[in-house]
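Q: heads up, no residue letters with this:
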């Protein structure tokens, strides 16, 4: 089904409108969530303030009890004065009584004065009293007395002698109406207020004292039950209908020291009134914006497509010279004039691209030819240099071993210098030949099942005399079992030989080189760890490059010969041919180095695959030249 440009534009504008609507809706939702979170946060703050006021109330009671206890312990005769002062200033304290550790009332003071001795009795041996006798302040459960059955509690505070023994208990009878008055200041909006329940969920403080006197059990409210059970409430638990059948939202905090719960309650309609206003405003804004943007979309689509439709008619009629008559006041007006020019430019660019592509192809072929010639030249030059260098080395070796007669000290010095230089050149030529063979793809890889432990032991046996000469120990950690690997033994020997030779150069006399193995996820990992000069972290990436001699590197073992900087490059090439990986690591200069390479675990199916790959290759294969230390 085909659509006109105008219809497509209308569809596009409609999608943009829908997207805009969704974005606005999402933004409105985020704002609503933010406002909602702020509302609940404010309510939580009020609940925290209420809990703080309750703790301050109890702190004040404890302070008064402590003062009374210290007053009685220092001088019982002045206790009455202190007790009368407390009752006079804190009218919510109805009685102050001194109890013996056995519960006998010794002194009792009320707002009317001191109670006569014959009217004193014994205290019930309750849990709060026993706690105070054990030197821990405590409060009683809430109880109701008086003509209005108002809520009261008793506080018990120990009297401790100078010998740190409890010699009595200060008991205060406290009217909780004072707590209601102090919490009355905590309000939010017109109808948000605090109320308190005890550890059984019974109401003990509320702005409506008449409701308190009804002694309602509010433990069925989920927000209170969660607080008493130390359970984190969910949002649904914080909403309920209160005693006036008004839907409210509440925040509850358990006062753990006293097992009371302070609850801040506010009608939902008042708490979220601003949020409701924002929601209504958002809906109104979205609807008006949608209608307004839809009208703009209709206008723009018509304004944009009218000249295009006119241009289409002129193009279909073949009257190209009439396109200039379009007066749209925008880029469409010049479209007819630039169309032909654009086509010509595109054709010219295409012809130019074809020409450039052809030139690049020819240049690439020339580069391949030059690269092949370079490899052939290196191979031929290295091979031609190797024969006379080997002969020179042999003659110098014979001269050093007195085959042509004894040498004096000066002659021996110069011939040794020449022999070492020729030896280094021979190793460099051998390495260059090996690199040439590897890069030309003519290297022979004879894959087979290889016992890596035995192969490593063979290399160590070959290197061991030179290591002993340098004073370096070679260790091998043999696991109980290790699977065979798929490898060319001669090539892996060359890798091990290069790694040992590299470590021997940079490991001082008395150092160690340790080899270990581990099978991991279808590969055998070989580690060669030395205690040598180490490598800077910035230089590790340069190790496996051609002529990878690090700037500032030095040979720790003065008896070792300088390398060519090609051994690790050859080792990496060999491991890559085996589809493995090789890495180097070091903690820094003077902290040794670790070289790790991986080889695949041998499987019977690998041998047939190797044979098939070898039969598909028609190149003449050659091996590597093994250089001795």
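A: Noted; the coordinates are in hand. All figures in this text were calculated on a predicted structure; none of them were measured in a lab.

Q: shaky segments in the stretch 401-550 of the chain?
A: Low-confidence segments of the stretch 401-550 of the chain, defined by pLDDT under 70: 419-420, 423-442, 546-550.

Q: can you show me the strands along it?
A: 448-450, 473-477, 485-487, 512-520, 523-530 (DSSP state E, counting those that start in this stretch).

Q: and those: which comes nearest residue 63?
A: Smallest distance to residue 63 across these (C-beta to C-beta): 69.3 Å, for strand 512-520. Where C-beta positions appear, they are placed from N, C-alpha and C, glycine not excepted.

Q: looking at the strands of the stretch 401-550 of the chain, which is nearest to residue 148?
A: Between residue 148 and the strands of the stretch 401-550 of the chain, the shortest gap by C-beta to C-beta is with strand 512-520, which sits at 82.1 Å.

Q: what's the closest one in contact with?
A: Strand 512-520 is contacted from outside by 452-453, 456, 460, 467, 472-479, 482-483, 500, 503-504, 507, 524-531, 601, using C-beta atoms under 8 Å, 6 or more residues apart in numbering.

Q: okay, helices next: where are they in this protein?
A: For the chain, the helices defined by DSSP state H occupy 5-74, 79-89, 127-133, 177-183, 209-213, 222-228, 268-271, 273-317, 335-400, 409-439, 452-470, 489-506, 567-577, 604-616.

Q: and the contacts of the fourth one?
A: Contacts made with helix 177-183 from outside it, assessed by C-beta under 8 Å, 6+ apart, are listed as 50, 53-54, 57, 90-92, 150-151, 193-196, 204-207, 209, 212.

Q: kindly recompute the last result at 7 Å.
A: Helix 177-183 is touched from outside by 50, 53-54, 57, 92, 150, 194, 196, 205-206, 209, with contacts defined as C-beta atoms under 7 Å, 6 or more residues apart in numbering.

Q: ok, of these, which come out buried?
A: If you count burial by 16 or more other C-beta atoms under 10 Å, the buried members of the contacts of helix 177-183 come out as 50, 53-54, 57, 92, 150, 194, 196, 205-206.

Q: can you tell me which of those residues is closest to residue 580?
A: Out of these, the one with the shortest distance to residue 580 is residue 50. That distance is 70.5 Å, counting by C-beta to C-beta.

Q: returning to that earlier point: dump the helices of the chain to JSON lines, plus distance to residue 262.
A: Rendered in JSON lines, the data for those read as follows (distance: least, C-beta to C-beta, whole Å):
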{"stretch": "helix 5-74", "distance to residue 262": "4"}
{"stretch": "helix 79-89", "distance to residue 262": "26"}
{"stretch": "helix 127-133", "distance to residue 262": "21"}
{"stretch": "helix 177-183", "distance to residue 262": "8"}
{"stretch": "helix 209-213", "distance to residue 262": "15"}
{"stretch": "helix 222-228", "distance to residue 262": "9"}
{"stretch": "helix 268-271", "distance to residue 262": "18"}
{"stretch": "helix 273-317", "distance to residue 262": "24"}
{"stretch": "helix 335-400", "distance to residue 262": "76"}
{"stretch": "helix 409-439", "distance to residue 262": "81"}
{"stretch": "helix 452-470", "distance to residue 262": "73"}
{"stretch": "helix 489-506", "distance to residue 262": "73"}
{"stretch": "helix 567-577", "distance to residue 262": "72"}
{"stretch": "helix 604-616", "distance to residue 262": "75"}
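
Q: wait, which of these is closest to residue 245?
A: Residue 245 lies closest, by C-beta to C-beta, to one member of the helices of the chain: helix 268-271, at 12.7 Å.

Q: domains of this protein?
A: The chain resolves into domains spanning 55-139+154-171, 355-440, 443-616 when parsed by automatic domain parsing.

Q: save those domains as TSV, and put in distance to residue 293 too.
A: Putting the domains of the chain into TSV (distance: least, C-beta to C-beta, whole Å) gives the following:
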stretch	distance to residue 293
domain 55-139+154-171	56
domain 355-440	48
domain 443-616	56
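
Q: so which of the ones you listed comes closest to residue 16?
A: Once the domains of the chain are compared by C-beta to C-beta, domain 355-440 is nearest, at 41.1 Å.

Q: got the contact list for residue 43?
A: Residues touching residue 43, when contacts are defined by C-beta under 7 Å, 6+ apart, comprise 188, 249, 251, 264, 266.

Q: and those residues, which is closest to residue 400?
A: Sorting the contacts of residue 43 by distance to residue 400 puts residue 251 at the head of the list, at 96.3 Å, by C-beta to C-beta.

Q: now for that closest one: which residues touch it?
A: Counting by C-beta under 7 Å, 6+ apart, residue 251 makes contact with 43-44, 47, 238, 264.

Q: repeat for residue 151
A: Neighbouring residues of residue 151 by C-beta under 7 Å, 6+ apart: 142, 144, 176, 204, 212.

Q: nearest residue to it in space, please, no chain neighbours.
A: Distances taken as C-beta to C-beta, 6 or more residues apart in numbering place residue 176 nearest to residue 151, at 4.4 Å, with adjacent residues excluded.

Q: now the one you found, what are its backbone angles?
A: Main-chain dihedrals, residue 176, degrees, to the nearest 10: phi -80, psi 0.

Q: quick one on the thing from earlier: for ChimeraX, write the selection for the buried entries among the contacts of strand 512-520.
A: Buried residues among these (16+ other C-beta under 10 Å), as a ChimeraX selection:
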select :452,453,456,460,467,472,474,482,500,503,504,507,524,525,526,527,528,529,530,531,601
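
Q: on that earlier part again, okay, who's weakest in the contacts of residue 43 by pLDDT?
A: The member of those with the lowest pLDDT is residue 188, and it reads 79.

Q: no further questions, thank you.
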